[in-house]
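Colleague: Quick one, structure for this:
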Amino acid sequence: MKIVNTSVKKVDGMGVVTGNPAYTEDLILNNNVLTIKLLRSPHAFAKIKSIDVSIALKVPGVEAVYTHEDTPKTRFTLAGQSFPEPSPYDRRILDEYVRYVGDPVAIIAAEDERAAEKAMKLIKVQYEVLEPILDFEKAIDSHILVHPEEVHTNFEIGYERERNIAAKAYAEKPGVDDGFLQSDIILERTYYTQPQMHAMMETYRSYSYFDVNGRLTTISSTQIPFHVRRHLARALEMPSSKLRVIKPRIGGGFGGKQTAVCEIYSAFVTLKTGKPSKIIYNRKETHTCTTTRHGMRLDVKIGADLEGNIKAIDIKALSNAGAYGEHAPTVTSLVSYKTFPLYDTVPMRFNANIVYSNTMNAGAFRGYGATQGTFAVESIINELAHELNIDPTVIRMKNLVEPAEGKYITSGDIKKCIEIGKANFNWEERVIPREVAPNKVRAAGMAVTMQGSGIAGVDTAAATIKLGDRGDFNLMIGVTDMGQGCDTVLTQMAAEVLDVPMDRVAIHSADTDLSPYDPGAYASSGTYVTGNAVIIAANKMKEEILKGAAKMFNVDINEIEYLGTDLKIGDKLVSLEEFAQRSISFEGMNQITTTGTWGGETSPPPFIAGFAEVEVDTLTGEVEVIDYLSVVDCGTPINPNLVKVQVEGGASQGIGLALFEDIKYDKKGRVISDSLMQYKIPSRLDCKSIRVEISNSYEKTGPFGAKSVGEVVVNTPAPAIADAVYNATKVRVRALPVTAEKVLMGIFNL
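Modeller: I've put the predicted structure just below:
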């Protein structure tokens, strides 16, 4: 391979560092665009009795004010999932019920922000304030109903509105009860994972206008342009053919922009007024009125013999969907989907309820349920290892999957990742607690994880390649690069197959009018799913070029050799540029365009073994991560440098989940950690050393043997760090984050 498996520079790298890309707000060219502001509920749960907007409408510059009486009655979901969506259709554009502090009450459209905010203060709302459910552990069978209305679901997801259950999840590998009977030791523990903010740099925003043909166009910072179009069509009660969604450069997403948070408001205002409109969430709105990671309680029971052979694992989960059910059934299901196959011979059972509460709703977040499941399962396996006095790496080597043909996991080797990690981390020495200074103790912990590569049997992606008249190529895709580098790796794949330099391939994404269909950037699908589509399209292009040359030069196709930038026809070389000019011109009358579509029945998992060394101040309880090593198996890395960057970023995010990040509510349900000053994410100082080692393997169903790497990177820090803290202090923190207060109180109680 010439280009694949090399650390080439990102195709958009120089533009990003020099500030050239156009983000959503940069593309607002109309000088008369309306500014949208949302009046939001001050109550966690209430019914709107009346709204008086008459005074607000008199404010100079105010174009319109809309309430639930002005919006369609259709209910929908904003989850970025392929149709038919599994998430419940439980929301309207505006509703007479508000279900969390920050839920929209009215839409104000004005000439500028000042007028909109002035009008907002003049809207008079009478609420019937209702008792909220702020503790999700009290939601089931509460006398309070978060959703009293009837809700549509496309599948049987276990929805029980009258019990505040948004969805259920169940999975089982046979033999659990027998496994516990055969166990010499049984542990039962309860773990809590907290909601987490995405904290991307670019907040949520969208801009809508009617084009010259009268089609409603929305430019949005989104991971899911095709899903956004479908959601807008349903919510606005208009055909998708009248809608267009464009995704420009995105300033980060991490799963947050897999939910169509704000596009519906600009599209609605433009539809009603006929004028272009924009909505831009400020940082406070982003932290209080969007989506979070699902907070969960996980009750885990594990049984094993005295040699460390695990006989059974039973997981009962309670997951907090918040006010609405976006991604409710699917996120929680991944607790089992991404832990069961890792310990494939262990009987396992998983039973979960996903409940409504009157808090900000949860949604997609990098790791998508596997993060929570990994924390619970890996933590209890670490605890089992301590109970049996067995090294945590050894107990895993006894129980982890052995890939083989015919199994769910056929490639890669998580045990090899552990071996590489132990050697590079100096595990045997660092796992032993040692005092490095007065009141400063260091120790290490570890965990393993897996994820997936796209959604097997559900999502398909397409890629289109066009041969230009100068012998260059246009690669058109629908997947969205939000910083992870998919534009680069897909360009690498196309250039590799077409045997041309990367600068001969220009990549374009994503526009629902111009791009081929793609579900979007989620489920770790970009490299694996869209990459396979790119390879199909590129191979078709080579075939069509050979066919065209055979016809043009009146020779047998077998006499032509494709050499990338040239064609060898007998003893003669014809440049691809010459062929392209003649093919497109009157002589050939054929601009060659090919499309490849791919969707598979497989989702091969990448693996990571994570190793953490921490230093704990036993006087204050403060925890510092001194060194973190991720050993990743993602098949053939298309761009090893981008793999390392992804792993480093995911490890940082996982360290934040483990130690710092926590969404705080007051007693009335208001988020008080509503800015990056109050909500702490890791800085460079908190991530002293993050190292990455790649364990190469080959996945036969993947493009050039590749698997995904985008999500798996975030899963191991929390259980590894929690166990490192235990090794250093004998304090076991089972409720994230592992704060200094929890550690110090644990030390006091030893």
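Colleague: most centrally placed residue in the protein?
Modeller: Gly255 (3.1 Å; CA atoms, centre = their mean).
Colleague: Does that residue touch Tyr368 like I think?
Modeller: Yes - using CB atoms under 8 Å, Gly255 is in contact with Tyr368, at 6.7 Å. C-beta here means a position set from N, CA and C on the backbone, and glycine is covered the same way.
Colleague: Spit out the residues that contact these two alike.
Modeller: Counting by CB atoms under 8 Å, 6 or more residues apart in numbering, the residues touching both Gly255 and Tyr368 are Tyr522.
Colleague: how close does the residue nearest to the centre of the chain sit to Lys37?
Modeller: With distances taken as CB to CB, to the nearest Å, Gly255 is found 26 Å from Lys37.
Colleague: Same check on Leu546?
Modeller: In this view, Leu546 and Lys37 are 58 Å apart by CB to CB.
Colleague: so where do the strands sit in the stretch 1-150 of the chain?
Modeller: Secondary structure of the stretch 1-150 of the chain by DSSP state E, counting those that start in this stretch: the strands cover 34-40, 46-52, 62-66, 97-98, 104-110, 124-129.
Colleague: closest one to Thr512 among those?
Modeller: Each of these has some distance to Thr512 by CB to CB; the shortest is strand 34-40, at 21.8 Å.
Colleague: mean confidence for the closest one?
Modeller: On average, the pLDDT along strand 34-40 is 98.
Colleague: What of stretch 160-180?
Modeller: 97.
Colleague: Convert the C-alpha atoms of it to PDB, please.
Modeller: Extracted C-alpha coordinates of stretch 160-180, given in PDB (Å, rounded to 0.1, in the frame of the first residue of the first chain):
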ATOM      1  CA  GLU A 160     -44.800   2.100  29.600                       C
ATOM      2  CA  ARG A 161     -45.900   5.700  29.800                       C
ATOM      3  CA  GLU A 162     -48.000   5.100  32.900                       C
ATOM      4  CA  ARG A 163     -44.900   3.800  34.700                       C
ATOM      5  CA  ASN A 164     -42.500   6.500  33.400                       C
ATOM      6  CA  ILE A 165     -40.600   3.800  31.500                       C
ATOM      7  CA  ALA A 166     -39.400   5.100  28.100                       C
ATOM      8  CA  ALA A 167     -37.900   1.700  27.100                       C
ATOM      9  CA  LYS A 168     -36.600  -1.600  28.300                       C
ATOM     10  CA  ALA A 169     -33.600  -3.700  27.300                       C
ATOM     11  CA  TYR A 170     -32.900  -7.400  27.900                       C
ATOM     12  CA  ALA A 171     -30.200  -9.800  26.800                       C
ATOM     13  CA  GLU A 172     -29.000 -13.200  28.000                       C
ATOM     14  CA  LYS A 173     -26.400 -15.800  27.300                       C
ATOM     15  CA  PRO A 174     -27.800 -19.100  28.800                       C
ATOM     16  CA  GLY A 175     -26.500 -20.600  32.000                       C
ATOM     17  CA  VAL A 176     -26.400 -17.600  34.400                       C
ATOM     18  CA  ASP A 177     -28.300 -19.300  37.300                       C
ATOM     19  CA  ASP A 178     -26.300 -22.500  36.900                       C
ATOM     20  CA  GLY A 179     -23.100 -20.500  36.800                       C
ATOM     21  CA  PHE A 180     -23.800 -18.900  40.200                       C
END
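Colleague: For it, what is the distance to the chain centroid?
Modeller: For stretch 160-180, the distance from its own C-alpha centre to the chain's C-alpha centre is 25 Å (CA atoms, centre = their mean, to the nearest Å).
Colleague: Equivalent analysis for stretch 67-87, please.
Modeller: 20 Å.
Colleague: Now that stretch: buried residues?
Modeller: Buried residues in stretch 67-87, counted by 16 or more other CB atoms under 10 Å: 67-68, 71, 75-82, 85-87.
Colleague: more neighbours, Leu546 and Lys37?
Modeller: Comparing Leu546 with Lys37 by other CB atoms under 10 Å, the one with more neighbours is Lys37, at 22 against 16.
Colleague: Excluding sequence neighbours, find me the nearest residue to the more buried one.
Modeller: Leaving aside its sequence neighbours, Lys37 sits nearest to Ala116 (CB to CB, 6 or more residues apart in numbering; 4.0 Å).
Colleague: Touching, that neighbour and Ile107? I think so.
Modeller: No - at 9.7 Å, Ala116 does not count as touching Ile107 under the criterion of CB under 8 Å.
Colleague: any common contacting residues for these two?
Modeller: Joint contacts of Ala116 and Ile107 (CB under 8 Å, 6+ apart) are Ile36.
Colleague: The lengthiest strand in the chain pairs with which strands, and in what direction?
Modeller: Taking DSSP state E as the criterion, the chain has its longest strand at strand 310-322. Within its sheet, strand 310-322 is paired with strand 295-304 (antiparallel), strand 348-356 (parallel), according to DSSP bridges.
Colleague: So, low pLDDT: which residues of the stretch 601-750 of the chain?
Modeller: Low-confidence segments of the stretch 601-750 of the chain, defined by pLDDT under 70, are absent.
Colleague: Could I get the full set of helices for it?
Modeller: 640-659, 717-729, 740-748 (DSSP state H, counting those that start in this stretch).
Colleague: Backbone dihedrals for the residue sitting furthest away from the middle of the chain, both of them.
Modeller: In terms of distance from the mean C-alpha position of the chain, Asp571 ranks first, at 52.4 Å (CA atoms, centre = their mean). When read as degrees, to the nearest 10, the backbone of Asp571 gives phi -100, psi 0.
Colleague: got it, and the one 4 residues further on?
Modeller: Backbone dihedrals for Ser575, given as degrees, to the nearest 10, come out at phi -70, psi 150.
Colleague: give me the beta-bridge partners of it?
Modeller: Beta-bridge partners, per DSSP bridges, of Ser575: Asp566.
Colleague: Touching, it and Asp566? I think so.
Modeller: Yes - with contact defined as CB under 8 Å, Ser575 reaches Asp566; the gap is 5.5 Å.
Colleague: more neighbours, those two?
Modeller: For the pair Ser575 and Asp566, the greater number of neighbours falls to Asp566 (18 against 13), based on other CB under 10 Å.
Colleague: Give the full set of residues in contact with the more buried one.
Modeller: Asp566 touches Leu573, Val574, Ser575, Leu576, counting by CB under 8 Å, 6+ apart.
Colleague: ok, now Val479?
Modeller: Ala461, Cys486, Leu490, Ser509, Ala510, Asp518, Gly520, Ala521, Ser525, Gly526, Thr530.
Colleague: Just the buried ones out of these, please.
Modeller: With burial judged by 16+ other CB under 10 Å, the buried subset of the contacts of Val479 is Ala461, Cys486, Leu490, Ser509, Ala510, Asp518, Gly520, Ala521, Ser525, Gly526, Thr530.
Colleague: In strands, which of the residues you listed fall?
Modeller: If you go by DSSP E, these have Ala461 in strands.
Colleague: Make CSV from the buried ones among the contacts of Val479 and add pLDDT and distance to Gly308 to it.
Modeller: Listed next are those as CSV, based on pLDDT from 0 to 100; distance: CB to CB, whole Å:
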residue, pLDDT, distance to Gly308
Ala461, 96, 42
Cys486, 94, 41
Leu490, 97, 44
Ser509, 88, 48
Ala510, 89, 49
Asp518, 94, 45
Gly520, 91, 42
Ala521, 90, 40
Ser525, 91, 36
Gly526, 91, 38
Thr530, 96, 41
